[in-house]
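> turn this into a structure:
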Amino acid sequence: MAYRIRPFRREDAEALAQLAVRAIRTIGPRAYSPEQVAAWSARHGEAASYVERSEEGHLILVCVDDADRPCAYALLEGDGHLDHLYCDPDHTRQGVAENLLAEAETAARASGATRLYTEASELPCAAFERAGYRVSHRRDFEVDGVPIHNYAMEKALA
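Sure thing, here's the model as predicted:
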């Protein structure tokens, strides 16, 4: 299957919301408890948030298949913060995450950012590391009263 990356369109919002929840619920249990997955996924089902984030100036890169259906996306904030990187479970291990990370880096460099940083869950850490990110520390916190963790990672661009 051929993939391409394009900018977000308003009509992508519902598909991205569903994609994120599906990814969390399907892939998340490989590293997180059912309670953690439920708390995490509850924060990602609102299609309107994608439109809002885009209108605020955040860059949403959408990876689509041959039929222009979203199968993964990355959300990059203006300061170099990569807030989301989600891939539909049916499209993992196809190089999609790596391609999105490369496109996000290109966009960040073009905007003058000197670093990229993210908070990555257990599962995409390897993709971030292959893209040159390094773990700075583990973050332990709560989501709706449920203890969970991820990793602060960053990549210098200068």
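
> CA atoms for contacts and neighbours, from now on please.
Noted.

> could you check how far the residue most central in space within the chain is from V37?
With distances taken as C-alpha atoms, centre = their mean, the residue of the chain nearest its centroid is L85 (1.1 Å). Applying C-alpha to C-alpha, to the nearest Å, the value for L85 to V37 is 16 Å.

> go on, A131?
The value you get for A131 to V37, if C-alpha to C-alpha is used, is 26 Å.

> ok, those two, which is more surrounded?
Remark: of A131 and V37, V37 carries more neighbours, 21 against 16, as counted by other C-alpha atoms under 10 Å.

> tell me what the lowest-mean-pLDDT helix or strand in the chain is packed against?
Within the chain, no helix or strand scores below helix 125-130, which has a mean of 92 by mean pLDDT, DSSP states H and E. Secondary-structure packing of helix 125-130 (3 or more C-alpha pairs under 8 Å, 6 or more residues apart in numbering; DSSP states H and E): helix 96-110.

> for the helix it packs on, which positions count as buried?
96-97, 99-101, 103-105, 107-109 (16 or more other C-alpha atoms under 10 Å).

> what is that helix packed up against?
Applying 3+ C-alpha pairs under 8 Å, 6+ apart, one finds that helix 96-110 makes contact with strand 59-64, strand 70-76, strand 81-87, strand 115-120, helix 125-130.

> tell me the angle of it relative to strand 115-120?
Computed by axes from the mean of the first three to the mean of the last three C-alpha atoms, to 10 degrees, the angle separating helix 96-110 from strand 115-120 equals 150 degrees.

> roughly how far does E52 sit from S33?
Distance from E52 to S33, by C-alpha to C-alpha: 30 Å.

> which outside residues touch the host helix or strand of A23?
Taking DSSP states H and E as the criterion, A23 maps to helix 13-27. With contacts defined as C-alpha atoms under 8 Å, 6 or more residues apart in numbering, helix 13-27 is touched by 37-38, 40-42, 44-51, 70-73, 86-89, 123.
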